[in-house]
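Enquirer: I'd like to go over a predicted model; first the sequence, then the structure.
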Amino acid sequence: MFNGLKRWFGAAAVACLVVSLASVVPAASSSASTRARAVKNGTYRVALGTDPGNLFPYQTVSSTAITLFSYTYDTLVSYNPKGKIVSELADRWTARAKTVTFQLRPKITCGDGSKLTASDVAADFRYVLNPKNASPWLNVSVPASGVTVKSNNARRTVTFVDSSPYSLLLQTTGPLMPIVCPNVLKHPGAYLHRTDGTGPYKLTSASPGSRYVLVRRPGYHWGPGGTSTTNLMPRKVILEVIADETTQTDLLLRGQLDEVALVGPNRSRLPRARGVNTYKLDEPFNWLWFDQRPGHVTDSLAVRRALTLALNLRTLEQVATAKLGSPATSLVPVLSNPCRYNSVSGAFPASNLARARRILRNAGWRAGSNGVLQKNGKPLDLTLLNATDQGASVSAANDYMQHQWDSIGASVTLDSMSTQGMLGVLFGPGNWDASLVTLGVYVPNQLVGFLSGPTPPSGENFAGIHSGAYAQATKNALKSVGTRSCVYWKEGEKALFKYDDLVPFANNPIYVGLYHSRAEVSFAGIYPTSVRMYRR
Amino acid sequence: MNGLRQRHPSLEFYARRSLRFVLSLLAMVIVSFAMIRVIPGNPVRAQLGITATEQEIRIRTRELGLNQSLLSQLWTYLGHLFTGHLGTSITLQEPVSNIIATRLPNTLEIASMAFLVTMVLSISAGLLLGAFTNGGRHPRTELSFTATTGLLVTIPEFVLAVLLQYVFGVKLGILPIAEKSGWTSYIMPVASLSIPPAAALSRLVRVETLNALGRDYMRTARSKRLPARLLYLRHVLPNVLTATLTLGGLLLVGLIAGTVLVETVFAWPGIGSTIVQAIEQKDYPLIQALVLLLGSMVLFVNFVVDILLGAIDPRSAIRTT
């Protein structure tokens, strides 16, 4: 269904849409295994929806590649289930507005036994920072410009210095990007189907398009929060490429797979299956955007307000997510967001058609001869972009919006096209007024360029949002260090909602199903060191 | 031209067919080239996603050569095709030729098995039923045979695949649900690929058998009291085979299309499941190459069938086309 959308938006520049799993809700599902003892040295089989492809980590952010990397590579730091930063490769760190320093643990070793040094880590980031390499991690794990990386092998420190304050520098450079061992950078081409990292598992065989076999590494003791590999963890992990979610679910329910992550209609089969532990990971889904560049009727606050009031956002959420979603909470997925806040709750008034009509009348809109509202001879014509390849539920949501808006006197044209065509319109000449689009990001900093600043082609603010309050809030946020910025990020989002610049209405969860197994869930999937299998 | 036709009619037929084959290939190359360029929107932005930076998009566009003029792009594309350089997949970040080399054998495995099974099954069942129901005997058997095969012919491969998967994999649990593993994992993919064409072909074989059985040479053979074994193997089978091979070749073409869906259902690591994913992820270099590969396979099979048909039966009407 909206598989296409997830893959599509998620696959690339910022993998997070697929990967960044949010708000772990271990659904109360039937599991007989809670108190049972974990199986030692088991074999754990995980479904991958697509082949991870090239395994050189700095040229891919595909969600399935990142799943594989979580077994073979480590990050500098990690999040615990409560959203606090904990140690991983680095056991100490200090963060200021413009600098962050990580100190690596001593005696971290790569798969071949060689030591990982601070300069190796710095080299990884320098590769990403080099614009010639066009790494999709640029702007994701490190700001694109103004950052220098320094290292000191004797002290085992890696330091990032930003020329302008970036507030969440620690949360950007620390927990997102897999750190590779120096051999990988020397010969990226040799690591097409191999890995060389410090992670808790080693890739022992790769059959592209089919399966990837990983074996637990002894002596690993630098996992999240200082965890080590134990024999309670699976000894062998097999990642199996299975594109079809129905097949994945069938295999899981028969115990021929131990882990699946679903985004399609098969999700509803998981919670009622016996022996399956289901974790729901909320993802922001399909925000309603209005084109606010000059010449668009949606540049007017009255029009945007009326259009939002005409919609029952709860209905819209249920239609768009086929009743599998929940109300929106924020623009950033909870699990990768260092700030845990709900900026959406209470931000939008309840649906009220009469009030919507009144607002338009007060703004000078009068019914024309054909029943469509007019102001100064200009009709209230709206073009609503509809992506036809994002599943029936998204199209149904667009139909609902068209119907509601027509009923308050607008004349809405549904412009249906592929998602590719839609992006062409959004970033091109901009023949649109309203559209459902999601931006997949890890941290709120990444949104700034899309929600403020210059419009395409000189910038990325494709809807031409010009909210002074948002700009001020983000300026304050960037100046504050770490989670002290959260209050400003929340304020910024609320400022956008207050003037109906952007209307998020749904979270659409990814369902992670584990068969008679338990694990802690991260934005990159599950933490490999936390997997425990139980007797079936 | 007229002179050539009179002197070497078959040579002229082969030349015409070959020319048509080359022209079809060329048309397909151009269509696969145009595909990525005529679709509205920037394919690079579409693939990299909405949050890709302008710089990243510029670099990838240059890598794909999409910033050059259409004509020079076509020229480089043709040049690369001849040197076997198929580009790099955007999503997998891996040379396309690599991907084809690892996945094509898996597809050929099940496709050739399915073809073999189809042939053996349909010829034996068709011959047997033909002999059994010859001359209006056993009308009930005939009815149930035509009804069953008629039904099976109408079931698309992927529906059959899902059905088999549900019954034997999910409900009964006697066969692996999906993925390539031991020999048992081949059973369902091969069965879903071969049952519908086998049903179609066995109907044809039966009719051809009945046809052959009514011929004069059969009466002669019978009057010579030839043993039934020789009667069928030496006199019926060869006469049935020409028509069967023709349709068999066409079914092989259908098989190529069938693998695309069946591989996806059974998570088979072949070309078919790869092309489905490539299309979903808008991986144009990969789609382009796979469309070319599958397309040229189809054209090639058609070409060979035409040539064989002309060669086997010199009276065939195909020679004049």
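Expert: Cool, got the structure. Numbers count the residues shown, from 1 in each chain, chains lettered A, B, ... in the order given.

Enquirer: Pretty sure B:Q68 sits in a helix.
Expert: No - counting by DSSP: H, G, I helix; E, B strand; the rest coil, B:Q68 is not part of a helix but coil.

Enquirer: Could you pull up the residues touching it?
Expert: B:T76 (CB atoms under 8 Å, 6 or more residues apart in numbering or on different chains). C-betas here are computed from N, CA, C, even on glycine.

Enquirer: separation between it and B:G254?
Expert: 39 Å (CB to CB, to the nearest Å).

Enquirer: Kindly report the same for A:I238.
Expert: 34 Å.

Enquirer: Output the below-cut-off pLDDT ranges for the stretch 151-300 of chain B.
Expert: Along the stretch 151-300 of chain B, no part satisfies pLDDT under 70.

Enquirer: Which parts of it are helices?
Expert: B:157-164, B:184-213, B:216-223, B:228-230, B:237-265, B:271-280, B:284-312 (DSSP state H, counting those that start in this stretch).

Enquirer: Give the residue spans of chain A that score low on pLDDT.
Expert: Ranges of chain A meeting pLDDT under 70: A:1-36.

Enquirer: Could you identify the longest helix within it?
Expert: Counting by DSSP state H, the longest helix found in chain A is helix A:392-407.

Enquirer: any residue of that one up close to chain B?
Expert: No - Helix A:392-407 lies out of reach of chain B by CB under 8 Å from any CB of the partner chain, never closer than 15.0 Å.

Enquirer: helices or strands up against whichever helix or strand comes after that helix?
Expert: Moving toward the C-terminus from helix A:392-407, the next helix or strand (DSSP states H and E) is strand A:411-417. Packing partners of strand A:411-417 (3 or more CB pairs under 8 Å, 6 or more residues apart in numbering or on different chains; DSSP states H and E): strand A:381-387, helix A:392-407.

Enquirer: Would you map the helices across the stretch 51-200 of chain A?
Expert: A:63-72, A:118-129, A:169-173, A:182-186.

Enquirer: circling back to that earlier point, give me the contacts around the longest helix of chain A.
Expert: A:1-2, A:5, A:286, A:288, A:307, A:310-312, A:315-316, A:319-322, A:353, A:382, A:384, A:386-388, A:412, A:414, A:416, A:434, A:436.

Enquirer: Just want the residue of the stretch 401-536 of chain A that's nearest chain B.
Expert: A:G424 (2.9 Å; CB to the nearest CB).

Enquirer: does that residue count as helix, strand or coil?
Expert: Assignment for A:G424 (three-state DSSP): helix.

Enquirer: Could you measure from it over to A:A463?
Expert: 15 Å.

Enquirer: the more surrounded of the two?
Expert: A:A463 (23 against 19; other CB atoms under 10 Å in any protein chain shown).

Enquirer: I'd like the distance between that one and A:R267.
Expert: 30 Å.

Enquirer: go on, A:N362?
Expert: 44 Å.

Enquirer: again with B:M28
Expert: For B:M28, the distance to A:R267 - CB to CB - is 40 Å.

Enquirer: okay, these two: which has more neighbours?
Expert: A:R267 (23 against 17).

Enquirer: Pretty sure the more buried one sits in a helix.
Expert: Yes - the assignment for A:R267, made by three-state DSSP, places it in a helix.

Enquirer: how about the nearest residue to A:R92, chain neighbours excluded?
Expert: Excluding the flanking residues, the one nearest A:R92 by CB to CB, 6 or more residues apart in numbering or on different chains is A:Q103, at 4.2 Å.

Enquirer: The residue of the stretch 401-536 of chain A closest to chain B against B:P43, yeah?
Expert: No - counting by CB atoms under 8 Å, B:P43 is not a contact partner of A:G424; they are 9.6 Å apart.

Enquirer: now B:R60, nearest residue through space, not along the chain?
Expert: B:V44 (4.7 Å).

Enquirer: In space, what's closest to B:L74 - neighbours in sequence excluded?
Expert: In space, B:L74 is closest to B:F33, 5.9 Å off (CB to CB, 6+ apart).

Enquirer: Provide a list of residues in contact with B:L251.
Expert: Contacts of B:L251 (CB under 8 Å, 6+ apart): B:F115, B:T118, B:P197, B:A200, B:L201.

Enquirer: change it to 10 Å
Expert: B:114-115, B:118-119, B:122, B:194, B:196-198, B:200-201, B:244, B:258, B:301 (CB atoms under 10 Å, 6 or more residues apart in numbering or on different chains).

Enquirer: So which of those is the closest to chain A?
Expert: B:G258 (15.8 Å).

Enquirer: Now for the closest one, how many residues are close by?
Expert: Quick note: B:G258 (other CB under 10 Å) scores 26 neighbours.

Enquirer: Quick check: the gap between A:A367 and chain B.
Expert: 35 Å (CB to the nearest CB, to the nearest Å).

Enquirer: Same list (the helices of the stretch 51-200 of chain A) but as a markdown table, adding mean neighbour count and distance to A:N152.
Expert: Shown next, in a markdown table, are the helices of the stretch 51-200 of chain A (neighbours: other CB atoms under 10 Å in any protein chain shown; distance: least, CB to CB, whole Å):
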| stretch | mean neighbour count | distance to A:N152 |
| --- | --- | --- |
| helix A:63-72 | 25 | 26 |
| helix A:118-129 | 21 | 6 |
| helix A:169-173 | 26 | 16 |
| helix A:182-186 | 17 | 17 |
